[in-house]
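# could you look at this predicted model? Sequence included:
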Amino acid sequence: MTPPPPAVIERAVGGVGVRRCGVRHHGTASAGAGYGLGDHLCWPFDDYDDFRREAMAFLADGAQLGQRLLYSADRPLDDLQRDVLDGLPGADRLLASGGLAVESLFDTYEVSAVSDPGAQAAAYVARTGDAVVAGYTGLRAAADVTLLASDTVSRDAFVRYEHLIDRAMLDMPFTAMCGYDRSRLTPRAANEMASVHPHRRSGSSTFALFNDDDGLLLTGDVDAAVDPTFGVSVGRVLETIHGDVIDVDCSELDFLDSCGLQVLDHAAAAARVVVRLERPPPSSERLIELLDPLTVSVASRR
């Protein structure tokens, strides 16, 4: 389960990158429009019409930015074709030119998405490289991937995939909107998926743990005593990272309860890493002093 290394991304996209200075753009979302190169949005929905409408707005932005587009879901191909022809301006022209592909879910995501999350991430890296070589500014995908997170085993692997592809997005012009049908998932499962995206629909997970240039960024509120999502998400994320020390930027973390700190300590121990929290809330620093966790510390001030 190895993520695509920087050299592979560099070769795939020919040096076209999206690396940012400072903290990565992130936040809660109220619509599918307004996202640039390298953004990664989770869109839980209750009605497929809601996802389709926002996905078309998301793809329309990509067309304006010169990206190649991809639309995928676990639905009949004729229905997907009708979605774009009815909802995406210029879809007929984009389909004819190769600027838009419409695919069934398992044409986009191979079985390896469950058995080898790193291989699926590498496949998107390659597709982004192909788009750049063809003259596009990158690749933009809107996909209803609910089926790939519908049970515990597949969801375990797909959270890892989401984290791996999110890391790759720091270095390549791949932009994605990941749809999850809440009528087919438990609320906890939907929040698990939302929690590893830098952009998530408002009303979903209360926290997010995702990639930034210098490590991980943890934002929002972590109340692990009430919500068990944090323990599941942080464990899966830490297992995908290589290295002995992981820096977690907590400058936009509002709250971390004592249970969350203990969960993080146990997950870091299981992954055999040390986690350094950078600029955590003062209350979290005090908790670390009191609880003295084995694998979690506060990074020295820079």
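Yes, it's here.
# give me every residue that touches residue 166.
Shown in contact with residue 166 (C-beta atoms under 8 Å, 6 or more residues apart in numbering): 40, 196-198, 210-211. Backbone N, C-alpha and C define where each C-beta goes, glycine included.
# closest to residue 124 among those?
When these are ranked by distance to residue 124 (C-beta to C-beta), residue 40 comes first, at 11.3 Å.
# tell me the pLDDT at that closest one?
We have a pLDDT of 97 for residue 40.
# my guess is residue 172 contacts residue 67. True?
No: Residue 172 is beyond contact range of residue 67, at 11.7 Å (criterion: C-beta atoms under 8 Å).
# mind checking the SS state of the residue positioned nearest the centre of the chain?
By C-alpha atoms, centre = their mean, the chain has its centre lying nearest to residue 197, at 3.7 Å. With DSSP: H, G, I helix; E, B strand; the rest coil as the basis, residue 197 sits in coil.
# the residue lying closest to it once chain neighbours are set aside sits in which helix or strand?
Closest residue to residue 197 apart from its sequence neighbours, by C-beta to C-beta, 6 or more residues apart in numbering: residue 42 at 3.8 Å. Using DSSP states H and E, residue 42 maps to strand 40-45.
# what is that strand packed up against?
Counting by 3 or more C-beta pairs under 8 Å, 6 or more residues apart in numbering; DSSP states H and E, the packing neighbours recorded for strand 40-45 are helix 48-64, strand 174-181, helix 187-194, strand 199-201.
# put together JSON lines for these, with mean neighbour count and mean pLDDT on each row.
JSON lines is the format used below for the helices and strands packed on strand 40-45 (neighbours: other C-beta atoms under 10 Å; pLDDT from 0 to 100):
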{"stretch": "helix 48-64", "mean neighbour count": "20", "mean pLDDT": "98"}
{"stretch": "strand 174-181", "mean neighbour count": "26", "mean pLDDT": "98"}
{"stretch": "helix 187-194", "mean neighbour count": "22", "mean pLDDT": "93"}
{"stretch": "strand 199-201", "mean neighbour count": "25", "mean pLDDT": "96"}
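# closest to residue 30 out of these?
Nearest to residue 30 among those is strand 199-201 (7.7 Å), distances taken as C-beta to C-beta.
# other residues contacting the very next helix or strand once past that closest one?
Counting by DSSP H and E, the next helix or strand C-terminal to strand 199-201 is strand 207-212. Residues from elsewhere that reach strand 207-212 (C-beta under 8 Å, 6+ apart): 23-24, 26, 40, 163, 166-167, 169-170, 194-198, 200, 216-222, 229-230, 233-234, 237, 248-249, 253.
# which stretches of the stretch 51-200 of the chain form helices?
77-87, 91-97, 105-108, 112-115, 117-133, 152-168, 187-194 (DSSP state H, counting those that start in this stretch).
# that older thread, tell me if I'm right that the residue nearest to the centre of the chain and residue 178 touch.
Yes: using C-beta under 8 Å, residue 197 makes contact with residue 178 at a distance of 6.9 Å.
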